[in-house]
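Chemist: Build me a structure from this.
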Amino acid sequence: MTAPAYTPVPRGSGKYLPPVPVQRRWRDEVRIWWREIDKVLLGLIVLLMGIGLLAVAAASPASADQLSTAKVTLDEFMFFKRHVVFQLMGLGLMIGLSFLDRDQARRLGILVGAVMLALLFVVPFIGEEKNGARRWINVGMSLQPSEFLKPGFAIICAWVLSWRLRDPHLPVVAYVTGFFGLIAALLMLQPNLGDAILFGGIWLVMVLLAGVAWQRIAGLIGGGLGLLVLAYIFYDNARHRIDGFLGGGTAFDQVDLAQRTITAGGWTGSGLWLGIRKMNLPEAHTDYIFSVIGEEFGLIMCGIIVLLYCGLVLRALTRMVGEDNLFALLAGAGLITQFGGQAFINILVNLKLFPSKGMTLPLISYGGSSTLAVCFTLGLLLAITRRNPFLAREGGGLRELIERKDTPA
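Modeler: Take a look at the predicted model:
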């Protein structure tokens with residue numbers, strides 16, 4: 001079979017040759033990925049995952065002892081062994097997603113968000129009940145749809161808010177506010193006030209960056225506070241947790257136990273597997289793993305972990321400073337808000353500075369679907385923040401959005 005003859009196109013004829021598709025080998029794809037990926041961001045993520053392995057190894061004996069019964073004695077390292085598997089799965093998922101381009105990441109985020117929203121409708125009816133709440137669906141493992149909906153929510157909101165570039169008169173803020181209201185209502189049916197508040201934080205950051213006037217934001221925040229008051233009145237679990245937080249609690253409250261555990265090791269800690277107070281701490285391997293770290297590795301290690309989270313969040317935001325793509329800017333800001341918000345709420349709960357919310361510490365706490373959901377979020381973030389280092393940016397990015405005058409949205 002002979003190749004088609006090449007016909008030259010005269011310059012200035014007004015005719016253009018179609019673009020020639022370029023086929024790359026997988027080695028070329030890896031080279032491009034390594035050139036464009038934010039290596040500092042990736043390094044911070046892997047470092048926190050390594051700390052998580054050590055932390056779950058420390059907390060696993062305490063949780064296994066508490067969950068053992070007279071008939072069944074759990075292996076003291078059962079949670080650690082499972083966590084290793086979930087961390088490896090999550091790392092593979094995150095790296096795989098980071099190879100996507102922005103359009104592919106957007107489509108995947110919208111698809112996952114839509115599927116998880118549909119599952120959120122059926123959770124109150126077919127979900128597994130744990131500690132008085134229905135938040136999980138059994139799909140071979142406990143899947144919490146709201147965990148995967150968080151990154152989907154950020155992607156969908158960024159996509160809708162970016163429509164302003166095509167038509168400034170579209171009521172995009174009304175669209176995303178209605179979307180948030182629907183999700184918050186579905187979460188309160190479980191009930192799950194903690195995640196509803198986190199979704200609200202993601203929504204607030206994104207509409208602020210979209211250029212909404214502060215007067216409108218103040219009105220929306222006032223409405224949100226009103227809904228929170230209603231939740232306090234009609235939601236017994238929230239009322240009890242807030243009352244316990246404001247009243248100082250008792251020596252048997254989870255938050256009080258967590259505070260006693262985190263300070264038991266002093267500055268340098270008691271040493272790996274030498275902690276004592278962790279044996280009485282509920283959910284030592286999940287919600288209160290930060291307290292276990294404090295007891296066994298010391299407050300200095302806790303401070304280092306806080307700095308790592310701050311560094312990760314600031315690195316992601318710094319990556320957005322010169323971004324000239326509105327969707328990428330909003331999506332990246334929403335995803336890192338979700339990650340950072342969950343991390344710091346968990347830490348504040350362990351320090352007895354925030355009411356108990358039942359949130360895990362991302363990348364460190366034990367978890368199946370929660371670990372995979374966090375890695376899914378960070379995989380999308382890595383994909384969206386990929387940047388060709390040889391291309392200059394023309395827009396002002398995050399700085400321009402913050403400094404520009406408010407315009408109606």
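Chemist: okay, CA-based contacts and neighbour counts for the rest of this
Modeler: Will do.
Chemist: Okay, now the unreliable bits of the stretch 251-400 of the chain?
Modeler: Applying pLDDT under 70 to the stretch 251-400 of the chain flags the ranges 251-253, 390-400.
Chemist: likewise the stretch 1-150 of the chain?
Modeler: In the stretch 1-150 of the chain (pLDDT under 70), the answer is 1-24, 131-132.
Chemist: and the closest residue to Gly265 other than its chain neighbours, what does it touch?
Modeler: Closest residue to Gly265 apart from its sequence neighbours, by Cα to Cα, 6 or more residues apart in numbering: Glu295 at 4.0 Å. By Cα atoms under 8 Å, 6 or more residues apart in numbering, Glu295 lies in contact with Thr261, Ile262, Thr263, Ala264, Gly265, Gly266, Gly269, Ser270, Gly275, Arg277, Lys278.
Chemist: Ser68 touches Leu74, doesn't it?
Modeler: Yes: under the criterion of Cα atoms under 8 Å, Ser68 makes contact with Leu74 at 5.5 Å.
Chemist: The longest strand belonging to the chain: which residues count as buried?
Modeler: With secondary structure taken from DSSP state E, the chain has its longest strand at strand 133-138. Going by neighbour count (16 or more other Cα atoms under 10 Å), the buried part of strand 133-138 is Ala133, Arg134, Arg135, Trp136, Ile137.
Chemist: Repeat that for stretch 163-180.
Modeler: For stretch 163-180, by 16+ other Cα under 10 Å, it's Trp163, Arg164, Val172, Val173, Val176, Thr177, Phe180.
Chemist: can you give me the end-to-end distance of that stretch?
Modeler: 18 Å (Cα to Cα, to the nearest Å).
Chemist: Pretty sure Gly52 sits against Ile364.
Modeler: Yes: counting by Cα under 8 Å, Gly52 touches Ile364, with 3.6 Å between them.
Chemist: Let's verify the residue nearest to Gly265: helix, strand, or coil?
Modeler: Secondary structure, DSSP: H, G, I helix; E, B strand; the rest coil: Glu295 is helix.
Chemist: One more: Glu129?
Modeler: Criterion first, three-state DSSP; result for Glu129: strand.
Chemist: show me the contacts for it.
Modeler: Taking Cα under 8 Å, 6+ apart, one finds Arg135, Trp136 in contact with Glu129.
Chemist: related to what we said a few turns ago, quick one: which of the contacts of Glu295 sit in helices?
Modeler: Among the contacts of Glu295, the members falling in helices (DSSP state H) are Thr261, Ile262, Thr263, Ala264.
Chemist: what about the first one, distance to Ile126?
Modeler: Read that as Thr261. Taking Cα to Cα, one finds Thr261 at 37 Å from Ile126.
Chemist: So for these two, which residue has more residues nearby?
Modeler: Thr261 (28 against 14; other Cα atoms under 10 Å).
Chemist: That one is in contact with Lys278, isn't it?
Modeler: Yes: counting by Cα under 8 Å, Thr261 does reach Lys278; the two are 6.2 Å apart.
Chemist: what sits in contact with each of those two?
Modeler: Ser291, Val292, Glu295.
Chemist: What segments of the stretch 101-250 of the chain are helices?
Modeler: Using DSSP state H, counting those that start in this stretch, the helices of the stretch 101-250 of the chain run over residues 102-126, 145-161, 172-188, 193-209, 214-234, 236-247.
Chemist: List the contacts of the third one.
Modeler: With contacts defined as Cα under 8 Å, 6+ apart, helix 172-188 is touched by 117, 120-121, 146, 157, 160-161, 163-164, 193, 195-196, 199-200, 203, 207, 212, 409.
Chemist: Helix 145-161 and that one, what's the angle between them?
Modeler: 170 degrees (axes from the mean of the first three to the mean of the last three Cα atoms, to 10 degrees).
Chemist: Same question for the fourth one.
Modeler: For helix 193-209 against helix 145-161, the angle between stretch directions is 10 degrees (the same axes, to 10 degrees).
Chemist: and helix 193-209, what does it pack onto?
Modeler: Applying 3 or more Cα pairs under 8 Å, 6 or more residues apart in numbering; DSSP states H and E, one finds that helix 193-209 contacts helix 145-161, helix 172-188, helix 326-350, helix 397-403.
Chemist: The third one: what's the following helix or strand?
Modeler: This points to helix 326-350. Next helix or strand after helix 326-350 toward the C-terminus (DSSP states H and E): helix 369-384.
Chemist: what's the angle from that following helix to helix 102-126?
Modeler: Using the same axes, to 10 degrees: helix 369-384 against helix 102-126 is 160 degrees.
Chemist: what's near enough to touch the residue lying closest to Ile156 once chain neighbours are set aside?
Modeler: Excluding its sequence neighbours, the residue lying closest to Ile156 (Cα to Cα, 6+ apart) is Ile110, at 5.6 Å. Ile110 is in contact with Gly152, Phe153, Ile155, Ile156, counting by Cα under 8 Å, 6+ apart.
Chemist: same check, this time on Phe121
Modeler: Leu186.
Chemist: just Ile202 next, same as before
Modeler: Taking Cα under 8 Å, 6+ apart as the test, what Ile202 contacts is Ala154, Gly334, Leu335, Thr337, Gln338.
Chemist: biggest separation within these, which pair?
Modeler: Ala154 and Thr337 (9.2 Å; Cα to Cα).
Chemist: Tell me which of these two has more neighbours.
Modeler: Legend: neighbour count by other Cα under 10 Å for Ala154 and Thr337, higher for Ala154 (28 against 24).
Chemist: how much space between Gly269 and Ile289?
Modeler: Taken as Cα to Cα, the span from Gly269 to Ile289 is 14 Å.
Chemist: Can I get the helices and strands packed on helix 193-209 in CSV including distance to Glu283?
Modeler: Converted to CSV, the helices and strands packed on helix 193-209 look like this (distance: least, Cα to Cα, whole Å):
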stretch, distance to Glu283
helix 145-161, 18
helix 172-188, 22
helix 326-350, 12
helix 397-403, 39
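Chemist: Quick check, central residue of the chain?
Modeler: When Cα atoms, centre = their mean is applied to the chain, the residue found nearest the centroid is Phe339 (3.3 Å).
Chemist: In a markdown table: the shared contacts of Thr261 and Lys278, plus distance to Arg102.
Modeler: Putting the shared contacts of Thr261 and Lys278 into a markdown table (distance: Cα to Cα, whole Å) gives the following:
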| residue | distance to Arg102 |
| --- | --- |
| Ser291 | 38 |
| Val292 | 39 |
| Glu295 | 42 |
